[in-house]
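Colleague: Give me a model of this one.
(one chain, ligands or ions: 1)
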Amino acid sequence: MNIKDSITTITKFYKEQEEKGKRGAAHGFTHMARVALAANRFAKFENAGDDLRKASLLTGFLHDLVRFPREVEGLSDGVLTAMLIKEVGEEKTEVVKEIVETLDEDVRDALKSIKQALKDMALLHAVSRVIEINEGSLSKIFEELTHESREVQLIGSALAYGDKGEEGVGENVVVRRAMFVSGERVDKGDLKEFSRNVLVHMLQLKEGIGSYTLLPFKEDMLKEMYARTSAFVGESLIRIYAKKSTKDFPDHPLWQSLKARREFELDFFFSALAFVGSLTRDVCRESIIELQKDLTELYTSLGFPKMAKFKEKILSNISNGRIIEYSPERVALSIHQLAVGDLLSTGDKRLDSLAYLSDESILLNQLLNNI
Ligand SMILES: [Fe+2]
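Modeller: Numbering: from 1, shown residues only. Next up, the predicted model:
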């Protein structure tokens, strides 16, 4: 199988997994393709040689390949993906054997041919290492990359830019966060418990939901919107102020250009916060520092994952003066609609155009033209 056919085969595999519910939309084909193309752009910008550029594209295309149930203790999906790419065709470990058994023959062949191509470029180990490193906060990733070879540094920076930069900041991540955090994680992941806790807490407060009873939503839907939007707020708090703080953006022109996109993400976040806290825009804007201090405490006590770990960093990065342009109710409704997969009906032009921009055949063509 040649490399173009391999990409087409794996594209089909991603889409089938999405249809069967084995792969969430936030880690579906469009995410993989956009990360691959952004990594390719980064490598070009850096004037990397052709092999490094192609390897960057392939790394982006494969970086979330394994979406394995979390039962495998201590091995994250990234580590498992790195192992699979290195071992496919000569499975050495039980867990990789187990994963390979779930794959159809043509997908195995496609992976084997990509592995061979990377081997021929002497970049197989670099690619596998990059995927292993690409987890956690930006500062941790960039710190780890400094100890690596020139190849790992280039491909690693390209992947981080695609996955944590273009896909992790601004409009793209608003959509993906709504799908993954407010969708999958609330419905069947680690935020199920938190969502229950937050609703109990809200009812205890008595006010909260009371001020929204005039909205044209049935109470059940309102509760669901509240749970999903609360999850969105918590994860945004961690991502914007700790894991992907603009302070940790590398001093690189492509990264610096992403700062403008953070503005949209912030506006969306503050509107969601106003909804969750039943606040007016003015109150939200004026007391944001206090609000976020309270919020990190509250979310920690309600069991929001990793809030305790990132609390200090969040508080050291908070700034005030944010103007909220979006209506909080509108934003909460958008989050809800995106979370349940109702992509094109949010009524928000920027989000809707993003959904259209995810045209799968255009993305596949761009991938094939660049490899
Ligand atoms: Fe990713």
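
Colleague: Which one of the residues in the stretch 151-300 of the chain is closest to the ion?
Modeller: Going by CB to the ion, the ion is nearest to residue 163 of the stretch 151-300 of the chain, at 4.3 Å. Just so you know, the C-beta spots here come from the backbone N, C-alpha and C atoms, and that holds for glycine as well.

Colleague: Could you count how many residues lie near the residue lying closest to that residue once chain neighbours are set aside?
Modeller: Distance criterion CB to CB, 6 or more residues apart in numbering; nearest residue to residue 163, sequence neighbours excluded, is residue 35 at 4.9 Å. For residue 35, the count of nearby residues is 31 (other CB atoms under 10 Å).

Colleague: Check residue 187 too.
Modeller: The burial count for residue 187: 15, using other CB under 10 Å.

Colleague: give me the element it is part of.
Modeller: Taking DSSP states H and E as the definition, residue 187 sits inside helix 186-188.

Colleague: on that earlier part again, look up the pLDDT of the residue of the stretch 151-300 of the chain closest to the ion for me, please.
Modeller: The model reports residue 163 with a pLDDT of 95.

Colleague: Please look at it and residue 34 and confirm they touch.
Modeller: No. With contact defined as CB atoms under 8 Å, residue 163 and residue 34 do not form a contacting pair (9.3 Å).

Colleague: Verify the stated contact: residue 262 with residue 246.
Modeller: Yes. With contact defined as CB under 8 Å, residue 262 reaches residue 246; the gap is 5.9 Å.

Colleague: Would you tell me whether stretch 10-22 gets close to the ion?
Modeller: No. Stretch 10-22 lies out of reach of the ion by CB under 5 Å from the ion, never closer than 12.1 Å.

Colleague: Just the buried residues of that stretch, please?
Modeller: 10, 11, 12, 13, 14, 15, 17, 18 (16 or more other CB atoms under 10 Å).

Colleague: same for the helix or strand containing the third one, what does it pack against?
Modeller: Translated: residue 12. In the assignment (DSSP H and E), residue 12 maps to helix 3-19. Contact here means 3 or more CB pairs under 8 Å, 6 or more residues apart in numbering; DSSP states H and E; on that basis helix 3-19 packs against helix 29-45, helix 50-62, helix 105-120, helix 360-370.

Colleague: And the last one, what's buried?
Modeller: Taking 16+ other CB under 10 Å as the basis for neighbour counts, the residues of helix 360-370 that come out buried are 363, 364, 366, 367.

Colleague: In contact with the residue nearest to the third one when sequence neighbours are not counted, which residues?
Modeller: Distances taken as CB to CB, 6+ apart place residue 37 nearest to residue 366, at 5.7 Å, with adjacent residues excluded. Contacts for residue 37 (CB atoms under 8 Å, 6 or more residues apart in numbering) come out as 57, 60, 162, 363, 366, 367, 370.

Colleague: how about a cut-off of 10 Å?
Modeller: 57, 60, 61, 162, 166, 363, 366, 367, 370 (CB atoms under 10 Å, 6 or more residues apart in numbering).

Colleague: chain center to the helix holding residue 12: distance?
Modeller: Centre-to-centre, helix 3-19 and its host chain are 20 Å apart (CA atoms, centre = their mean, to the nearest Å).

Colleague: for stretch 324-331, same thing?
Modeller: Using CA atoms, centre = their mean, the offset of stretch 324-331 from its chain centre is 22 Å.

Colleague: what comes into contact with it?
Modeller: 174, 178, 212, 215-217, 225, 229, 232, 263-264, 266-282, 284-285, 288, 332-334, 346-348, 350-351.

Colleague: buried sites along that stretch?
Modeller: Here stretch 324-331 shows 324, 326, 328, 329, 331 as buried, counting by 16+ other CB under 10 Å.

Colleague: For the last one, what is the enclosing helix or strand?
Modeller: It refers to residue 331. Counting by DSSP H and E, residue 331 is part of helix 328-339.

Colleague: Output that helix in PDB with nothing but the alpha carbons.
Modeller: Output in PDB follows, covering the C-alpha atoms of helix 328-339 (Å, rounded to 0.1, in the frame of the first residue of the first chain):
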ATOM      1  CA  PRO A 328     -24.800  34.400  28.200                       C
ATOM      2  CA  GLU A 329     -28.100  32.500  27.300                       C
ATOM      3  CA  ARG A 330     -27.100  32.300  23.700                       C
ATOM      4  CA  VAL A 331     -23.700  31.000  24.500                       C
ATOM      5  CA  ALA A 332     -25.100  28.400  26.900                       C
ATOM      6  CA  LEU A 333     -27.500  27.300  24.300                       C
ATOM      7  CA  SER A 334     -24.700  27.000  21.700                       C
ATOM      8  CA  ILE A 335     -22.600  24.900  24.100                       C
ATOM      9  CA  HIS A 336     -25.600  22.600  24.600                       C
ATOM     10  CA  GLN A 337     -26.300  22.300  20.900                       C
ATOM     11  CA  LEU A 338     -22.700  21.600  20.100                       C
ATOM     12  CA  ALA A 339     -22.400  19.100  22.900                       C
END
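
Colleague: thinking again about what came up before, spit out the residues that contact residue 262 and residue 246 alike.
Modeller: 169, 240.

Colleague: quick one on the thing from earlier: of the buried residues of helix 360-370, closest to residue 82?
Modeller: residue 367 (21.0 Å; CB to CB).

Colleague: average pLDDT across the helix or strand hosting residue 264?
Modeller: In this assignment (DSSP H and E), residue 264 forms part of helix 259-276. Model confidence over helix 259-276, given as mean pLDDT, is 88.
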